[in-house]
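Colleague: With the sequence up front, the predicted model follows.
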Amino acid sequence: MAVLTSLADGVEEVVRDGDTTAFEGFTHLIPFEAGNEAIRQGRRDLTLVRMTPDVIYDRMIGAGCARKLVFSWGGNPGVGSLHRFRDAVEHGWPAPLELEEHSHAGMANRYAAAASGLPFAVLRGYAGTDLVGRTDSIRTITCPFTGEVLAAVSALRLDSAVVHAQRADREGNVQYWGITGVQKEAVLAAERSLVTVEEVVDELEPVPGAVVLPHWVVDRVAVVPGGAHPSYAHGYSTRDNAAYSEWDAISRSREEFSRWLGGLR
Amino acid sequence: MAVLTSLADGVEEVVRDGDTTAFEGFTHLIPFEAGNEAIRQGRRDLTLVRMTPDVIYDRMIGAGCARKLVFSWGGNPGVGSLHRFRDAVEHGWPAPLELEEHSHAGMANRYAAAASGLPFAVLRGYAGTDLVGRTDSIRTITCPFTGEVLAAVSALRLDSAVVHAQRADREGNVQYWGITGVQKEAVLAAERSLVTVEEVVDELEPVPGAVVLPHWVVDRVAVVPGGAHPSYAHGYSTRDNAAYSEWDAISRSREEFSRWLGGLR
Amino acid sequence: MSGHTSDEMMTVAAARALRDGAVCFVGIGLPSTAANLARRTHAPGLVLVYESGTIGAKPDVLPLSIGDGVLAETAVSVIGVPEVFNYWLQPGRIDVGFLGAAQVDRFANINTTAVGAYGAPSVRLPGAGGAPEIAASCGEVVVVVRQSRRVFVERVDFVTSFGHGSGPGERERLGLTGAGPQVVITDLGVLRPDPETCELVLTALHPGVDVATARERTGWELRVAEDVEESAPPSGEELAVLRELIARKGG
Amino acid sequence: MSGHTSDEMMTVAAARALRDGAVCFVGIGLPSTAANLARRTHAPGLVLVYESGTIGAKPDVLPLSIGDGVLAETAVSVIGVPEVFNYWLQPGRIDVGFLGAAQVDRFANINTTAVGAYGAPSVRLPGAGGAPEIAASCGEVVVVVRQSRRVFVERVDFVTSFGHGSGPGERERLGLTGAGPQVVITDLGVLRPDPETCELVLTALHPGVDVATARERTGWELRVAEDVEESAPPSGEELAVLRELIARKGG
């Protein structure tokens, strides 16, 4: 059952050192403030999971929270590289970063398998690519009806998942809309979940295209208005494209980044 | 691309003798008028597919349209038995009816596999039941990661699918809401599709919970107001529960049914 | 049994089997009536999930089918049917599944497919629906059924939904994640599987019913618990709410 | 090349590669610009699918990311990400996939993962994203990339997305359902795979570009078609629409 809590308590209770954890979001609704809070709390040894690790994971990697990244596309959307991610991979700073790398189709299916309580998923994917053989989580499977050989990916079970949503009601039912991404699957794939929301309301008025997570699959809800900034919450804010560009400058050098990090703490 | 047509032309062009075909709907939005039209046109030798074959399939079976039924639950919802279905299975009238029988979970996954272009789907299902061994479409598969043995079901590819929706726009984009069932999967699993709609509108205003089928996966759209009666179209009509009860009386004897059939033609 | 019918007693007993806050997979008919009764009495936080994809439905009238509009209108979330089974039922997110039966046997296996030989049935029943995976994956299963020799058979003609097979350990060997049928509620009383043997044992009788009647309406040699309880009769509130639900049923 | 830049020529050429009515899987950046240009000129019926789940988006300004709100607001349908890949891309419902590249080789294999050794890359790139399955399952693939020796390499360091492997028949043997890269559009010209060998052949040059320049900016011995065409320069309308799109980009 969802418990209403503060951001600090929510992050502390849901995201633990050593977790395999996903702060999910597909450009829209990225849980930035929860990520910043994890950095402030000095979370360590995380296996960070996300289809599209972006600026918040760049920060967490640079701050030394992560030991491993499980992902399919790591960039600053619309801007370019993630410099902290690259520095970790190319130069091991501040620590080496193990990579487990997939395609979007593979990652989405790995989440869906975990959400479905299955140990694996089947897809037409990866054939002919060098992604095969780089991770043990991609194998093949033979169709028992046709004999066709397809790709199999292992389920991506999470210890914890953190997402941002437009709103929740007082029972903790969570509602979000616009681009809805893979957040439902991430929450359902996780042992523990935290949802930061723009606001809590008495009644969740139905909204076209909205996804609702019922309260009994959400552990913690924290009210964090603007919690997705510089990403956005459809209907509440717009994407702060300038901030994404500014991150390019901040993250380019270890010194600038360290200054930024000092300011966060 | 969706072509606007009459009900008669739509049924004639989309549903052909010998087809594996689904007139789908989950209590809500059952394409009754399209089914009646298929009877009028004397369609024969159909493999009728549906999770919940109800009164419209009872009619089609009694009228001799079907050679086989692929299904998971065949009843008159809220009323009781389907007498024409039972008569076909128990006494071979008007013709023997081959059965391919699944659980809902299996049928839903078979449609989803076909919609996904995969030859099979994996689920935790059927274990210990006598459904196994009755059809070749249920087998087992071993997880390549954990060694766990799970159920595999073959994809349910359709020659044709017929569904009813609230509305379409002039391009043929189709919108339906309320209980949305498995109709998207059925349409995507089919070579050809016909959608009957309550109305065609200039603009599909977004509606909470609505599913939209884009025009390029729909072949024919026919305007058939009330086309789901005695089922209903959420926001347009309510379920005619009395008509479902009346069908119990009509369908109980071959004579009464034959009289009804004469009236339809 | 003055003041209430045996069906009312059965429905009330079924409602009482649902604890507040549980997530319940509800079929139409008696399970839906019982679940809605529970939600209006002792279990206001009961979460109803219908296989039509309505999660957290709070119908103000009893739906006549699992696809009634009132379910979609009052649900917290309406999802497609594949998602119901894959994301919600299969991973064990449902605490209690409610099942009816045309036949139940002494190990609580359930038949809703066919009476007689499958290929030449004397009675063709509707079939499996969601039941096989409800029986497999819900935390536990409550079976609700009127008791008679036709229904309570030594061995079901067709295992549509697996209960306890022919004894302990079989569910585990099959990889079934839920505990299976933990209670069978009838118009005569309540049966529960013996923790050792998994055989259904009569553990409670409804007011005015005796053991002899229960044995007479059971197609196997019925075991009776040493301390058979007597069900509390429906309270005034339970009966009033139930009757109002039934009266307002349908459209 | 007076009156337009080579990037403008490249974008216009990419837009022209899209036929009206096609369903197009669009990545952000140049592919999105080209697709939106096409929709506003010769292909008003072009259907844009973004991997963020927006189907039939008709953005009035160019989105800066695949998750911009304008895509959701103008889409015919917004779906979850797993559905994009499973129900729409995988079964071959998308006619054209648009891909960029950090490296392309002579058989149109694509690298967007890493330059140098995978375990110790000199440049770590963003990775695969949706590209491997776009390359596998779209009806055909259009690659758009600026031409240079750094990009046009003999053999990609890492096959992120499979083009034609090392020659004919390989896609079929791998079970890939789409035709793969059928055209590579650069700032210099257009390359297409030879129908016999699958090797990329220069088939068109943009106005003002000569074969020597194209060879100089290719990291393998470039084959040139016997009848190299010259691309028509951007029309006044194409340029005007493109520049207006770019000017209104972003927020």
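Modeller: Received the coordinates, thanks.
Colleague: got the end-to-end distance for stretch A:153-161?
Modeller: Criterion C-alpha to C-alpha, to the nearest Å; first-to-last residue distance in stretch A:153-161 is 20 Å.
Colleague: again with stretch A:66-75
Modeller: One end of stretch A:66-75 sits 17 Å from the other (C-alpha to C-alpha).
Colleague: Same check on stretch C:215-233?
Modeller: 21 Å.
Colleague: Which residues does it contact?
Modeller: Identification of contacts with stretch C:215-233 by C-beta atoms under 8 Å, 6 or more residues apart in numbering or on different chains yields C:3-4, C:9, C:13, C:105-106, C:147-150, C:152-154, C:188-190, C:194, C:199-207, C:211, C:214. Every residue, glycine included, has its C-beta placed from N, CA and C.
Colleague: so is C:Ala128 in a helix, a strand, or just coil?
Modeller: Using DSSP: H, G, I helix; E, B strand; the rest coil, the secondary structure recorded for C:Ala128 is coil.
Colleague: do you know how far it is from chain A?
Modeller: Taking C-beta to the nearest C-beta, to the nearest Å as the measure, C:Ala128 falls 20 Å from chain A.
Colleague: Tell me who's in contact with that residue.
Modeller: Counting by C-beta under 8 Å, 6+ apart, C:Ala128 makes contact with B:72-73, B:101-104, B:129, B:131, C:112-113, C:160-161.
Colleague: Assess the claim that A:Asp159 and A:Asp19 are in contact.
Modeller: Yes: proximity of A:Asp159 to A:Asp19 meets the contact threshold set by C-beta atoms under 8 Å, at 4.0 Å.
Colleague: what about these two, which has more around it?
Modeller: A:Asp19 (22 against 19; other C-beta atoms under 10 Å in any protein chain shown).
Colleague: Is the more buried one in contact with A:Val162, as I believe?
Modeller: No: with contact defined as C-beta under 8 Å, A:Asp19 does not count as touching A:Val162 (10.3 Å).
Colleague: Model confidence for the residue in chain A positioned nearest to chain C, exactly?
Modeller: Using C-beta to the nearest C-beta, the single residue of chain A nearest to chain C is A:Gly117, 3.0 Å away. A:Gly117 is assigned 98 on the pLDDT scale.
Colleague: ranges for the strands of the chain?
Modeller: Because you didn't say which chain, this covers chain A. All strands of chain A, identified by DSSP state E, fall at A:3-5, A:20-23, A:46-50, A:66-71, A:98-101, A:120-123, A:138-142, A:149-154, A:158-169, A:174-176, A:190-201, A:211-213, A:220-223.
Colleague: right idea, wrong chain: chain C
Modeller: According to DSSP E, chain C carries its strands in the segments C:23-26, C:47-50, C:54-55, C:77-78, C:96-99, C:103-104, C:110-111, C:114-117, C:120-124, C:140-144, C:181-185, C:189-193, C:200-205, C:223-230.
Colleague: Of those strands, give the one that comes closest to A:Ile39.
Modeller: Nearest of those to A:Ile39, taken as C-beta to C-beta: strand C:77-78 at 33.0 Å.
Colleague: tell me which parts of chain A are close to chain C?
Modeller: With C-beta under 8 Å from any C-beta of the partner chain as the criterion, chain A meets chain C at residues A:1, A:112, A:115-118, A:173, A:184-185, A:188, A:204, A:211-214, A:216-217.
Colleague: what's the closest non-adjacent residue to C:Asn207?
Modeller: In this structure residue C:207 is Pro, not Asn. Using C-beta to C-beta, 6 or more residues apart in numbering or on different chains and skipping the chain neighbours, the partner closest in space to C:Pro207 is C:Pro233 (4.9 Å).
Colleague: Can you pull the residues of the stretch 151-265 of chain A lying near chain D?
Modeller: Going by C-beta under 8 Å from any C-beta, the residues of the stretch 151-265 of chain A near chain D are A:178-182, A:184-185, A:209, A:211, A:232, A:234, A:238-239, A:241.
Colleague: Now chain A against chain D: closest residue?
Modeller: A:Thr27 (2.2 Å).
Colleague: Which residues are in contact with that residue?
Modeller: A:52, A:54, A:77, A:179, A:181, A:231, A:239, D:52, D:65-68.
Colleague: Let me know the closest of those residues to chain B.
Modeller: Distances from chain B to the contacts of A:Thr27, taken by C-beta to the nearest C-beta, are shortest for A:Ile179, at 14.2 Å.
Colleague: The closest residue to that closest one other than its chain neighbours pairs with what?
Modeller: Leaving aside its chain neighbours, A:Ile179 sits nearest to A:His28 (4.2 Å; criterion: C-beta to C-beta, 6+ apart). Beta bridges link A:His28 to A:Phe26, judged by DSSP bridges.
Colleague: Could you double-check that A:His28 sits in contact with A:Gln183?
Modeller: No: using C-beta under 8 Å as the test, A:His28 is too far from A:Gln183 to be in contact (9.6 Å).
Colleague: all helices of the stretch 151-251 of chain C, in order?
Modeller: All helices of the stretch 151-251 of chain C, identified by DSSP state H, counting those that start in this stretch, fall at C:170-174, C:211-216, C:236-247.
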